[in-house]
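Engineer: Okay, here's the prediction I keep looking at, along with the sequence it came from:
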Amino acid sequence: MVLKLVEISEIIVGELIGNGAIEIYGVSGIEEARKNEITFLANPKYRFAMKNTQASAVIVGKGVSANGSKSLIRVDNPYHAFIAVLKIFSEGEQCPKPGISSSAKIGNNVKCGDGVSIQAYVIIEDNVTIGNDTVIGASTFIGDSAEIGSQTYIYPNVTVREKVRIGNSVILHSGTVVGSDGFGYATVGETHHKIPQFGTVIIEDDVEIGANSTVDRATINNRATIIRRGTKIDNLVQVAHNVEIGENCRIAALTGISGSVKIGDRVTLAGQSGVVGHLTIGSDNIALAKSGITKNLPDRAGKVSGFPARAHNQQLKIQALNQKLPSTLQEISELCDRIEELEKKLGI
């Protein structure tokens, strides 16, 4: 794809400074960019990099002045504008041609919208519905009566189990399993008896789930594990049965969310976080890396960290005190020795 700089400025609604006729063939970081590529500058402290970049144009903030050597596009949010340009140039690379591969196996009563791409060795069982312009990657399995919305991208080797409902503009990366059985057992004596898992999973619009993540189905029929609109989930995340995750949350890699947890909107769970079952985490909270959440958090509790998770400022104080423990123990030992000597002298 080739776009003139003036066309890019119109797309991102920016103020063009310089030669709008420059042809742009691609996008890159400010240090890696080459001639006829466009880059961006979001942090003013890196303005020095503009002098050395080989890019033909730079997307900058409103307050950045031209230095005479580069064409600029001024916008309110350079990072957001750069993402928009990245999407434009990547569309051709990431959108396979519509059609159904001859090696795909399609069940009965499958309804596909316009522009759907079903790649090699896909298996789609009966009564599945797929919306317009959706891509089903190679070797993916779609179970009976699943519903998949429009403009959704399912990468190769994804499993979507029966009755799962997936919205529009969802991205599921390779290895993701949606609708696996929840970890439910009734122990009698020394034997663990499996509890059948009859529920489903609902993934709302604009959700992204990273590679090798798992979302378990709800236990009881007519119940669902729910991931709401705009939430982004990293690789290697476990979402257990009956969990409800709110809108626009961010969940980083290696996080584990136990069964029946309810998470509000705009919650961040950083890497290797863990949440005990049946808890409620209110909206607008942040759990820092390796947090172990063992009790409910109200809305806007702020940042928590540590295990068990507590207010981050409190956790920092505890960490600081832990650093002093060896010297404190040494002082206590010396004081005990002195007291023992004094008692001997006093004949106590």
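Structural biologist: Structure received.

Engineer: Select the longest helix from this protein.
Structural biologist: helix 312-346 (DSSP state H).

Engineer: same for it, what does it pack against?
Structural biologist: When contacts are defined as 3 or more Cβ pairs under 8 Å, 6 or more residues apart in numbering; DSSP states H and E, helix 312-346 packs onto strand 302-305. For glycine as for every other residue, the C-beta is placed from the backbone atoms N, C-alpha and C.

Engineer: can you list contacts of the strand it packs on?
Structural biologist: Residues from elsewhere that reach strand 302-305 (Cβ atoms under 8 Å, 6 or more residues apart in numbering): 285-291, 293, 297, 310-312, 315.

Engineer: same thing but 7 Å
Structural biologist: Defining contact as Cβ atoms under 7 Å, 6 or more residues apart in numbering, one finds that strand 302-305 is touched by 285-288, 291, 297, 310-312, 315.

Engineer: Now do the buried residues in that strand.
Structural biologist: Buried residues in strand 302-305, defined by neighbour count with 16 or more other Cβ atoms under 10 Å: 303-305.

Engineer: Considering those residues, which is situated nearest to residue 179?
Structural biologist: The nearest member of the buried residues of strand 302-305 to residue 179, counting by Cβ to Cβ, is residue 304 at 30.7 Å.

Engineer: Tell me what the closest one is bridged to.
Structural biologist: residue 287, residue 311 (DSSP bridges).

Engineer: Quick check, pLDDT for it.
Structural biologist: Per-residue pLDDT puts residue 304 at 98.

Engineer: The one 4 residues further on too?
Structural biologist: With respect to pLDDT, residue 308 has a value of 96.

Engineer: Let's verify it: helix, strand, or coil?
Structural biologist: Put simply, residue 308 is coil when judged by DSSP: H, G, I helix; E, B strand; the rest coil.

Engineer: mind listing what it touches?
Structural biologist: 292, 294.

Engineer: what's the distance between it and residue 55?
Structural biologist: 48 Å (Cβ to Cβ, to the nearest Å).

Engineer: just residue 112 next, same as before
Structural biologist: In terms of Cβ to Cβ, residue 112 sits 42 Å off from residue 55.

Engineer: which one of those two has more residues nearby?
Structural biologist: residue 55 (27 against 20; other Cβ atoms under 10 Å).

Engineer: Skip the chain neighbours and tell me the closest residue to the more buried one.
Structural biologist: residue 33 (3.6 Å; Cβ to Cβ, 6 or more residues apart in numbering).

Engineer: cool, and residue 59?
Structural biologist: residue 40 (4.0 Å).

Engineer: hang on, isn't the one you found packed against residue 83?
Structural biologist: No. Look at residue 40 against residue 83 with Cβ atoms under 7 Å: they stay out of range, at 9.1 Å.

Engineer: Looking at the two, which one has more neighbours?
Structural biologist: residue 40 (26 against 13).

Engineer: Let me see the contact set for the more buried one.
Structural biologist: Per Cβ under 7 Å, 6+ apart, neighbours of residue 40: 58-59, 78-79, 82.

Engineer: go on, residue 275?
Structural biologist: 257-258, 261, 281, 293.

Engineer: now with 8 Å?
Structural biologist: So residue 275 contacts 255-258, 261, 263, 269, 281, 293 (Cβ under 8 Å, 6+ apart).

Engineer: could the residues you listed go into a markdown table alongside secondary structure and distance to residue 123?
Structural biologist: Below are the contacts of residue 275 laid out as a markdown table (DSSP: H, G, I helix; E, B strand; the rest coil; distance: Cβ to Cβ, whole Å):
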| residue | secondary structure | distance to residue 123 |
| --- | --- | --- |
| 255 | coil | 30 |
| 256 | strand | 29 |
| 257 | strand | 29 |
| 258 | coil | 31 |
| 261 | coil | 32 |
| 263 | strand | 32 |
| 269 | strand | 33 |
| 281 | strand | 37 |
| 293 | strand | 38 |
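
Engineer: could you dump these to TSV with neighbour count, pLDDT and distance to residue 179?
Structural biologist: Below are these laid out as TSV (neighbours: other Cβ atoms under 10 Å; pLDDT from 0 to 100; distance: Cβ to Cβ, whole Å):
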residue	neighbour count	pLDDT	distance to residue 179
255	24	98	19
256	16	98	18
257	27	98	16
258	19	98	18
261	20	98	18
263	27	98	19
269	28	98	22
281	26	98	23
293	24	98	25
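
Engineer: Which of those residues sits closest to residue 161?
Structural biologist: Nearest to residue 161 among the contacts of residue 275, with distances taken as Cβ to Cβ, is residue 257, at 18.5 Å.

Engineer: shouldn't that closest one be in contact with residue 240?
Structural biologist: Yes. Contact status for residue 257 versus residue 240: in contact at 6.0 Å, counting by Cβ atoms under 8 Å.

Engineer: shared neighbours of these two, which are they?
Structural biologist: Going by Cβ under 8 Å, 6+ apart, no residue sits against residue 257 while also sitting against residue 240.
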